[in-house]
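Asks: make a model of this:
(chains A, B and C)
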Amino acid sequence: MKIGYPCVNETLDCSAARTFRLASYSPERLIETVASNLACLRRILEWNVAHGLLFFRMGSDIVPFGSHEVNTFPWQTHFKSEFRALGEFIKQNGMRISFHPDQFVVLNSPDPAIVRRSVNELVYQGSMLDLMELDSTAKLQIHAGGAYGDKGLALARWVETFHQLLPAAVKARLVVENDDRLYSLRECLSLYDETGVPILFDNFHHECLNHGEPMRLALRLAAATWHPQRDGVLMMDYSSQAPNERRGKHTDTLVPALFEQFLDDLAGLDVDMMFEIKDKEASAVAAAQLLRARGLLAPAPAGYVPPTFVPATLDAAGKRVAPNSKTRKPAAAPAAKASPRAVASKQSSPKPPQ
DNA sequence: CGTTGTCAAGCGGCG
DNA sequence: CGCCGCTTGACAACG
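Replies: The predicted structure is shown next:
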């Protein structure tokens, strides 16, 4: 099992998602920004390896306007060696990588222009994996899309688009995730039947939308759609309901009791698990320790010291402050302003209640 | 130098 | 019918 977190590392003081306004586009600006994003990405991956987190979702904005017409700069060749070096690091350390193109990627839209832009975005994100020379176990994760008043028709359009418009390089990497409102595991399975696309399983979405399949069974149905050689082991997103919040909202931090309960349903199935939890790497690290205690995860890397860092701080109003709020000059770092209060709920109840 | 409105792109659902 | 959430962060204009 490999575990990880999506896109953003809140501990490091860099961002791999720097961007700029479309109106400010220039080749120079693009080069400068991509170079900065790739450098940060390298630091994040190194941090992850040092903490035993070998699954990572890269953000969609590594190359700003990566699939926009304005961007005619040949970034693929310009940054070829940088991408390849990242890929080398990833392979040397046995990491698993994914992308999750955002909500604008809708393969089943009735609007051909939307579908065309969606395909272009998938080509852009897939080409980064190609440039890193990663095999087809590195994935592009999307949802089935909209319903448009007729889910049956919408699913048929998805299948049609898959067969007719996706390049082979994208097809080999594409996986579809069950969502929490429209397309359940069952409907994703129908897409698998028609296209062979593996299902990226989201446990929380399945709790929100299902047809009575117990979690343990659902996991196995999804896992069976992953061809071991071509696709690798099942990728999944893990989260749980935020207490006292809108149904479907992710929790702010890992809830150990619920996670342990989930592990019972996992019952030894090998998966790579992405923690879609607001405090990012903090929960992934917490989960890693819990999993190691159960013998489900490889021992921590040599020299690894369990974290004492605070995942985030709260300002006077109780609002979270990310430590990586990017300022152009770290000049005169405001000496850790007044006892940054820890996220209290994070530290309490270290032992998993039964 | 800190604050805040706004940013390429799409959906459905809620108030 | 407008706004929000989605993985929710960063730019850039303004004071």
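
Asks: check contacts around residue A:215.
Replies: A:203, A:206, A:207, A:262, A:265 (CB atoms under 8 Å, 6 or more residues apart in numbering). Glycine gets a C-beta too; all of them are placed from N, C-alpha and C.

Asks: secondary structure class for the residue found closest to residue A:205 once you drop the neighbours it is linked to in the chain?
Replies: Excluding the flanking residues, the one nearest residue A:205 by CB to CB, 6 or more residues apart in numbering is residue A:180, at 4.1 Å. Put simply, residue A:180 is coil when judged by DSSP: H, G, I helix; E, B strand; the rest coil.

Asks: for residue A:124, same thing?
Replies: Residue A:124 ends up helix, using three-state DSSP.

Asks: and it, how far from residue A:53?
Replies: Note on residue A:124: its distance to residue A:53, by CB to CB, to the nearest Å, is 26 Å.

Asks: residue A:71 too?
Replies: 31 Å.

Asks: ok, the two, which is more surrounded?
Replies: residue A:53 (24 against 17; other CB atoms under 10 Å).

Asks: name the nearest residue to that one, ignoring sequence neighbours.
Replies: Residue A:53 sits nearest to residue A:4 (CB to CB, 6+ apart), 4.8 Å away.

Asks: quick one: contacts for the one you found?
Replies: With CB under 8 Å, 6+ apart, residue A:4 has these contacts: A:48, A:53, A:54, A:55, A:56, A:57, A:96, A:272, A:273, A:274, A:275, A:284.

Asks: how about 6 Å then?
Replies: A:53, A:55, A:56, A:274, A:284 (CB atoms under 6 Å, 6 or more residues apart in numbering).

Asks: among these, which one lies nearest to DNA strand C?
Replies: residue A:274 (9.3 Å; CB to the nearest atom of the strand).

Asks: what's that closest one in contact with, if anything?
Replies: Counted by CB under 6 Å, 6+ apart, residue A:274 has contacts A:4, A:237.

Asks: tell me if it really is in a strand.
Replies: Yes - counting by three-state DSSP, residue A:274 is part of a strand.

Asks: tell me what it is bridged to.
Replies: Beta bridges link residue A:274 to residue A:4, residue A:237, judged by DSSP bridges.

Asks: secondary structure class for the closest residue to residue A:38 other than its chain neighbours?
Replies: For residue A:38, the nearest residue in space outside its immediate sequence neighbours is residue A:82; the separation is 5.0 Å by CB to CB, 6+ apart. Following three-state DSSP, residue A:82 is assigned to helix.

Asks: pLDDT at residue A:82, what is it?
Replies: What the model reports as pLDDT for residue A:82 is 96.

Asks: what distance do you get for it to residue A:50?
Replies: Residue A:82 is 21 Å from residue A:50, by CB to CB.

Asks: and the two? Which one has more around it.
Replies: residue A:82 (17 against 13).

Asks: gap between that one and DNA strand C?
Replies: Per CB to the nearest atom of the strand, to the nearest Å, residue A:82 is found 19 Å from DNA strand C.

Asks: that residue contacts residue A:39, doesn't it?
Replies: No - here residue A:82 does not reach residue A:39: they are 8.5 Å apart, not a contact under CB atoms under 6 Å.

Asks: which residues are common contacts for those two?
Replies: With CB under 6 Å, 6+ apart, residue A:82 and residue A:39 have no common neighbours.

Asks: SS state for residue A:194?
Replies: Going by three-state DSSP: residue A:194 is helix.

Asks: neighbours around it, how many?
Replies: There are 15 residues near residue A:194, going by other CB under 10 Å.

Asks: element containing the nearest residue to it once chain neighbours are set aside, please.
Replies: Distances taken as CB to CB, 6+ apart place residue A:159 nearest to residue A:194, at 4.4 Å, with adjacent residues excluded. Taking DSSP states H and E as the definition, residue A:159 sits inside helix A:151-165.

Asks: list of residues touching that helix?
Replies: Contacts of helix A:151-165 (CB under 6 Å, 6+ apart): A:107, A:108, A:115, A:119, A:144, A:147, A:148, A:194, A:195.
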